[in-house]
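Novice: Curious how this folds, go ahead:
(one chain, ligands or ions: 1)
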Amino acid sequence: MNAAKCIEAEAISKRYGEIRALEGVDIHAAAGEITGLIGPDGAGKSSFMRIVLGLLESDGGELKLFGETPERGRRGGIGYMPEVFSLYTDLTVEENMRFSFRIHGGRPAEYTARSERLYTFNRLSDFKAARAGTLSGGMKQKLALSCALMQEPRLLVLDEPTTGVDPLSRREFWRMLSELKREGIGILVSTPYMEEALQCDRIYLMNEGRILNAGAPRELIDGFDGRIIEFEDSELAPQDLRRELAAAWSGRPVYLSGRSVHLVLPAAAGDAAADLPTRSSGTSREIEPDLEDIFLAGILR
Ligand SMILES: Nc1ncnc2c1ncn2[C@@H]1O[C@H](COP(=O)(O)OP(=O)(O)OP(=O)(O)O)[C@@H](O)[C@H]1O
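Specialist: Numbering: from 1, shown residues only. Predicted coordinates:
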């Protein structure tokens, strides 16, 4: 069965003066799935989200939400967590929840049931009286997510919700997202973290306003058309090793990966690829690509 579509965006473009923020971007997101926009700063992720939200007009392309062309500027059924902290820091957790409920036109009689359900979900009930500004980064994000859920949206749009949040809280946040998707909510989320990208059902790898690649993370890894050789050197700094390899392999993608350097060879490079000459202080070995390789090889090719 085809999952219901939340977003069908075709050939979306957006310019800010000379800057092309989005160029011919096709992005689809379905109910009950996590769709990830993955890319560095400036890739165009926020611009796309703002177009979906009706906060920004595209210059071209076609957008459908829940199967229909939305009216200009008006969007119902979408919960949004912007990249910048969006809560009222001087208000308590409870006051923030109540405020979100009210501005989305919630009926007062329904508040208690809805907020109690969300407190069970976010485990913040012991902090109802705490000012939002005093919460930890991870708790603030859980509260912001809960506020976005107050209106019972069919689609959640989350702009880098876990940037700067500690790893444990990030894991907890993603656990909440998978619960929401099981309830049938569509989720569009952007992240610079590759381990989060792996938890999405479908991802769009974006760079400089374009989609480099799209698909299920596993599909993209399995379909990678190339071989990755990892180099390390006990005497050379990784940046110098990268420079040396880039000079030796001009035209091939060469990039840093932690303390190592990766070189991408064509899939048909043959077994010789694994016995590349290295300096006496260095080693090389062929490795399986991960999402970061898919992304960087895509940018540099
Ligand atoms: N209001 C604006 N005026 C001019 N340029 C803008 C504006 N908003 C975004 N841009 C530019 O458009 C491009 C895409 O930006 P966008 O914010 O959509 O990317 P992003 O992937 O969300 O990155 P970030 O995580 O930094 O927000 C960038 O080059 C950015 O500098």
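Novice: mind checking pLDDT for the closest residue to residue 216 other than its chain neighbours?
Specialist: Leaving aside its sequence neighbours, residue 216 sits nearest to residue 202 (Cβ to Cβ, 6 or more residues apart in numbering; 5.8 Å). The C-beta positions use only the backbone N, C-alpha and C, and glycine is treated the same way. Here the pLDDT value assigned to residue 202 is 97.
Novice: can you pull out the strands in this structure?
Specialist: With DSSP state E, the ranges of strands along the chain come out as 5-16, 19-30, 34-38, 60-65, 78-81, 155-158, 186-191, 202-207, 210-215, 227-233, 254-257, 260-265, 282-287.
Novice: Now do the contacts for residue 72.
Specialist: Neighbouring residues of residue 72 by Cβ atoms under 8 Å, 6 or more residues apart in numbering: 54, 57.
Novice: Show me which residues of the chain sit near the ligand.
Specialist: Within the chain, the positions adjacent to the ligand are 16, 19, 21, 39, 41-47, 83, 160 by Cβ under 6 Å from any ligand atom.
Novice: Now tell me which of these the prediction trusts least.
Specialist: Within the residues of the chain next to the ligand, pLDDT is lowest for residue 83, at 80.
Novice: ok so, going back, can you put the residues of the chain next to the ligand in TSV and add neighbour count?
Specialist: Formatted as TSV, those follow (neighbours: other Cβ atoms under 10 Å):
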residue	neighbour count
16	10
19	12
21	23
39	25
41	8
42	14
43	24
44	26
45	26
46	19
47	22
83	14
160	22
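Novice: quick one: which of the residues you listed sit in helices?
Specialist: Taking DSSP state H, the ones among those that sit in helices are 45-47.
Novice: Among those residues, which one lies nearest to residue 234?
Specialist: Comparing those against residue 234 with Cβ to Cβ places residue 45 closest, at 38.2 Å.
Novice: Looking at the strands of the chain, which is nearest to residue 137?
Specialist: Among the strands of the chain, strand 78-81 sits nearest to residue 137 (Cβ to Cβ), with 13.5 Å.
Novice: about what we covered before: now the strands of the chain as JSON lines including distance to residue 143?
Specialist: Converted to JSON lines, the strands of the chain look like this (distance: least, Cβ to Cβ, whole Å):
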{"stretch": "strand 5-16", "distance to residue 143": "24"}
{"stretch": "strand 19-30", "distance to residue 143": "24"}
{"stretch": "strand 34-38", "distance to residue 143": "20"}
{"stretch": "strand 60-65", "distance to residue 143": "26"}
{"stretch": "strand 78-81", "distance to residue 143": "10"}
{"stretch": "strand 155-158", "distance to residue 143": "13"}
{"stretch": "strand 186-191", "distance to residue 143": "17"}
{"stretch": "strand 202-207", "distance to residue 143": "27"}
{"stretch": "strand 210-215", "distance to residue 143": "32"}
{"stretch": "strand 227-233", "distance to residue 143": "41"}
{"stretch": "strand 254-257", "distance to residue 143": "35"}
{"stretch": "strand 260-265", "distance to residue 143": "39"}
{"stretch": "strand 282-287", "distance to residue 143": "40"}
